[in-house]
Structure formats: C-alpha cells, structure tokens
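S.K.: Sequence below, structure please.
(chains A, B, C and D)
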2 protein chains.
Amino acid sequence: MAEVAALVGDPARANMLCALLGGRALTATELAYSAGVSPQTTSGHLNKLFSARLLVMMKQGRHRYYRLAGPHVAQMLESIMNVALTGPPRFQPKSRLDEKMRHARTCYDHIAGVVGVGLADAMAAHGFVVLGDEAGEITASGIEFLDRLGVDLTAAKSKRRVFCRPCLDWTERRPHIGGAVGAALAHRCFDLKWIERVRDTRALMITPAGRRGLLEYFDLSV
Amino acid sequence: MAEVAALVGDPARANMLCALLGGRALTATELAYSAGVSPQTTSGHLNKLFSARLLVMMKQGRHRYYRLAGPHVAQMLESIMNVALTGPPRFQPKSRLDEKMRHARTCYDHIAGVVGVGLADAMAAHGFVVLGDEAGEITASGIEFLDRLGVDLTAAKSKRRVFCRPCLDWTERRPHIGGAVGAALAHRCFDLKWIERVRDTRALMITPAGRRGLLEYFDLSV
DNA sequence: GATTTACTTCGGCCACGGCCGAACTATCGA
DNA sequence: TCGATAGTTCGGCCGTGGCCGAAGTAAATC
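M.R.: Alright, predicted model coming up:
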C-alpha cells in the first residue's frame, strides 16, 4: 500500500497521473512535458508506474501510449485530490488555461468543471437523480430522460458499474456525475457533438449545438 | 496532491494510518508500536500527518489521541489499498492475528471481513440492497428491514452520507456495506452486543447473541 | 543507406527525509 | 517532592531515489 502511495507521492509522477486523468492515452514525450522533467527521467517513472500496474501501455510505431490502468486508479487519484483539497490552503497560480479547464473538462471518462456540476445540478433539480456525498441514484424519470436523450444505459449496466457515482469536483468543490452513468452521458455528448476536446489539454469546448442541447434538455445555459 | 500521497507513501506512516482505519482514536505510543518505529520518529510522523490535516488530535491528560480526520481520509486509504491489491502479487505473511482480522474487523466505522461481506451478500440475497462496483442502493424492503432491526437510518440520512457505499473488502476482494448505512448498521450491532472489539486490534468478536441474531435476521451462520 | 525522432539504459551526482540517541517538558501517582 | 510515564525537540548519520548527461536501440522519413 505504501508503495502505491509512494508512486503517486512524487511530484513528477503525480503530474503525469493528473495529465492521464483526462482519460486519453498520452505518449511518453507528452507526459515528460506535463511533468516538467527530461525524457530519461520520464522513462524511469513510467516504468515504475507500469510495473506497479497503475498504467497500461500500447506500442504504436515508435510511440508508446500510456493510459490509466482502469477506473479504480482514477478513483484513487480523485480521492487523494479530495483529501488534498481539505488540507491547509496552498497558493496555486491561475492561468488562462485554467479558466477553460475550470469551465469544462474530462475527469477520466466523464464531464467535470462548471458544466459538469451544472449538469448534475440540473438533473437533480428535475428529480432525475439524487446525489449524496458518497452515493447517487438515478430515478425512474431519470432513466426515462436519459433514454430519450439517447444515452445507452443498458451497456452501462452490463459493465457492473451499475449506478452513478458522485465525483467531487476539485475546482467547484461540489459533486458531478461520475461512474458508468457519467461515462455514458459524456459519451453521448461527444456523439451528439455537443462537446469537443481542446487539443493537448483536458479542457472541453461546448459547441453551439451543445449550447442549444444543454438549454433544451437540461435548462442549462453555459 | 503529491504531498498527500507522499505522506501515505512512507511505510511507517502507512502502518499508522492503517491502524487508525480501525476507527478508534489511538495514542502516539500505540501508533509507534504498530508502525514499528521509535517514539521520536513517530512524533515527527504524527506532526506531519496532523499538519496536513489527515489526522485530528485530542489531548487527554498526558495522552494524545489521534484519529483519522474524517471519512474522506478513510475512503482515500481504501481506494489506495484497492489499487495496491490489483498490483503485482506480494508475499504477505499470515499470522494467527490475521485470521481473526480476516474473519471480522472494523473498516473505519463499519464491519468488514468474512462477516462484513456475508452481511452484504445476505442483504443482497434478500433484495434489501443492490450492490454494484461503484455504488449501492437500499431498497424499500431494505429500509423496512433495517428499521425492524432498530438501525437508525434517519440519523444516517441527515449526515448527507445518504446511501450506502460498497467498500471493497481487501481480504475478501468483494464489496461489503460502507457509507452511512454501514456505519449505522455497525453501530446497531455494537448496541445489541452482537459484536465486540478485540483489545488492541481492529478485529471483532461475534458474541453468542450475535450468532443468534445474524442467523435470525440475516440467515447468516458464522 | 542516412538522418531524424521517440524512447531507452547506464552512470554518477546530490539532496531530501527517515531513523535513532540524547536530552527536555508535561502530566500522573505516591 | 520525587520518580515514572507520555510525548517532545534537536542533531547527526546514512540510504533511497530523483535528476540529468551521454550514449544506445528502434521506427519512421528522406
């Protein structure tokens, strides 16, 4: 256990893992950049994370793509972040990029940020979902609503990640919808081209169609 | 974030935190023993954990009692343990004590081990609860059942830890019932004197009354 | 085949941090 | 008042591990 925590406990590796929390697979060089260390150092770190099975790797030509090994790793990182937020306040520089990240971003496989929390709030306000601190529940009308929206809940259920999990948003400090339902919802939003990834970041762009859709279905203006 | 992980990443501190996962407040000396380091070293570690707000401290005479700062810390530790279990296998000596721990123990504020998983299975079999990998739900008949047993669910609800959370048991590798419901259930079991803490450990003893009660209410023989 | 790019291994430097011995403070009990 | 017990701070030792420069492989490009 201490070994796993120690792996996350190094700043360089923590940065890499955070970058991978975006949900996409990244190359060693990209991870070197986001960690702010040299390629050699990165290589060593990635080896450790891989050997400990926190990451999985795919060779593709001369690139090596690394991804988080699964939702359990993402959830661990979230819970560590959550504890870190309750700790003594620390100064953290705000950049232009952070603004976009704060607005909408991917959190492993679902939507976070102002928009993510807004979605959760809207669904809660409509009685589609009940969110507590440690668990959430989709209501019957929520299932119907998501079905109408075209979200594939049966596939989500079959994955044994049955219900929705409230995921504490580390910028908004309030829960958004994670788990299988969150993933399915985000997937549908991508399919509908409501949201698009911003190149080289975890940030998400809301498309004009997305604005209309969010307003129509969720009464949410962004 | 890396700071928090690094705190857990030291073997001595990890041992202390694991000991505190039992849910009780422990003195510095007790923690020194469970970490296997000298009192001076322990003092330093506890200071760090306290400053980072992973622990809270209560002075009582010449003793200083340390506890986990809250459920969020317990959940973080669990999720790290969970990832550690998916890693490459490691040899871990089995002792006499471990046998008892494996059978029944506290997991922060609820029941874990063979008995904990058995309780969860029994409740699932009776349709009192539906457990997924990331979330759980108490059914209407489950609420009624727990009420009959004398578990105070209204108090649990008011804590904003509304529903039950599946907590992956690190010995059984299957979920048991955590969250507010798990805590309330464990509390009631203590009240009924079905279970008792074993001195100086996290292990739990099932009393004769407990055997009868578990059989009667849960169809569970231990 | 030659060059560039992606990533690796090797080797050595260096500092952070865990550890304990020693000495100090505070509370309890007689 | 005087140990005894719980816990502390201080100082120095030492090992682990992160870091980069240099040099090496593997795949794409010319």
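S.K.: Might you enumerate the residues of chain A proximal to DNA strand D?
M.R.: Contact residues (Cβ under 7 Å from any atom of the strand) of chain A with DNA strand D: A:6, A:10-12, A:37-38, A:40-41, A:44-45, A:48, A:61-62. C-beta: built from backbone N, CA, C; applies to glycine.
S.K.: which of these has the most neighbours?
M.R.: A:His45 (23 neighbours; other Cβ atoms under 10 Å in any protein chain shown).
S.K.: ok, now which ones touch that one?
M.R.: With contact set as Cβ atoms under 8 Å, 6 or more residues apart in numbering or on different chains, A:His45 has these partners: A:10, A:12-13, A:16, A:35, A:37.
S.K.: for A:Gly213, same thing?
M.R.: Applying Cβ under 8 Å, 6+ apart, we find A:Gly213 in contact with A:192, A:194.
S.K.: Looks like A:Gly127 contacts A:Ser141 (just checking).
M.R.: Yes: if you go by Cβ atoms under 8 Å, A:Gly127 and A:Ser141 touch, sitting 5.9 Å apart.
S.K.: does chain B sit close to the helix or strand bottoming out on mean pLDDT in chain A?
M.R.: Lowest by mean pLDDT, DSSP states H and E among the helices and strands of chain A is helix A:153-158, with a mean of 75. No: using Cβ under 8 Å from any Cβ of the partner chain, helix A:153-158 stays clear of chain B, with a minimum separation of 8.6 Å.
S.K.: so how far is that helix from its chain's centroid?
M.R.: 19 Å (Cα atoms, centre = their mean, to the nearest Å).
S.K.: Next SSE downstream of that helix?
M.R.: Next helix or strand after helix A:153-158 toward the C-terminus (DSSP states H and E): strand A:164-168.
S.K.: Which residues outside that following strand are in contact with it?
M.R.: For strand A:164-168, the surrounding residues in contact (Cβ under 8 Å, 6+ apart) are A:78, A:82, A:107, A:110, A:112, A:120, A:129, A:131-138, A:174-182, B:134-135.
S.K.: All the strands of chain A, in order from the start?
M.R.: Secondary structure of chain A (DSSP state E): strands located at A:26-27, A:55-60, A:63-68, A:105-107, A:110-112, A:129-131, A:136-138, A:164-168, A:175-178, A:195-197, A:204-206.
S.K.: Take those and lay them out in CSV including mean pLDDT and mean neighbour count.
M.R.: Shown next, in CSV, are these (pLDDT from 0 to 100; neighbours: other Cβ atoms under 10 Å in any protein chain shown):
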stretch, mean pLDDT, mean neighbour count
strand A:26-27, 94, 17
strand A:55-60, 93, 14
strand A:63-68, 94, 18
strand A:105-107, 93, 24
strand A:110-112, 94, 28
strand A:129-131, 84, 22
strand A:136-138, 80, 23
strand A:164-168, 83, 26
strand A:175-178, 90, 27
strand A:195-197, 93, 17
strand A:204-206, 94, 19
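S.K.: Tabulate those in TSV, adding columns for distance to A:Leu153.
M.R.: Putting those into TSV (distance: least, Cβ to Cβ, whole Å) gives the following:
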stretch	distance to A:Leu153
strand A:26-27	30
strand A:55-60	27
strand A:63-68	24
strand A:105-107	20
strand A:110-112	14
strand A:129-131	12
strand A:136-138	8
strand A:164-168	10
strand A:175-178	13
strand A:195-197	19
strand A:204-206	22
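S.K.: Tell me which of those strands sits nearest to A:Thr154.
M.R.: strand A:136-138 (12.9 Å; Cβ to Cβ).
S.K.: for the closest one, packing partners?
M.R.: Packing contacts for strand A:136-138, counted by 3 or more Cβ pairs under 8 Å, 6 or more residues apart in numbering or on different chains; DSSP states H and E, involve strand A:129-131, strand A:164-168.
S.K.: check contacts around A:Ala19.
M.R.: By Cβ under 8 Å, 6+ apart, the residues touching A:Ala19 are A:26, A:30-31, A:34-35, A:202.
S.K.: how about A:Ala124, what does it touch?
M.R.: A:130-131.
S.K.: give me the residue from chain A nearest DNA strand D.
M.R.: For chain A and DNA strand D, the shortest gap (Cβ to the nearest atom of the strand) falls at A:Gly61, measuring 2.5 Å.
S.K.: Quick check: the gap between A:Val83 and DNA strand C.
M.R.: Distance from A:Val83 to DNA strand C, counting by Cβ to the nearest atom of the strand, to the nearest Å: 17 Å.
S.K.: same deal with A:Phe128?
M.R.: Distance, A:Phe128 to DNA strand C, using Cβ to the nearest atom of the strand: 42 Å.
S.K.: surely that residue meets A:Ser141?
M.R.: Yes: between A:Phe128 and A:Ser141 a contact is recorded at 5.9 Å, counting by Cβ under 8 Å.
S.K.: More neighbours: the two, which one.
M.R.: Between A:Phe128 and A:Ser141, counted using other Cβ under 10 Å, the more crowded position is A:Phe128 (20 against 12).
S.K.: Quick one: the helices in chain A, in order.
M.R.: Under the criterion DSSP state H, chain A contains helices at A:2-8, A:11-20, A:28-35, A:39-51, A:71-86, A:96-103, A:113-125, A:140-149, A:153-158, A:179-191, A:208-218.
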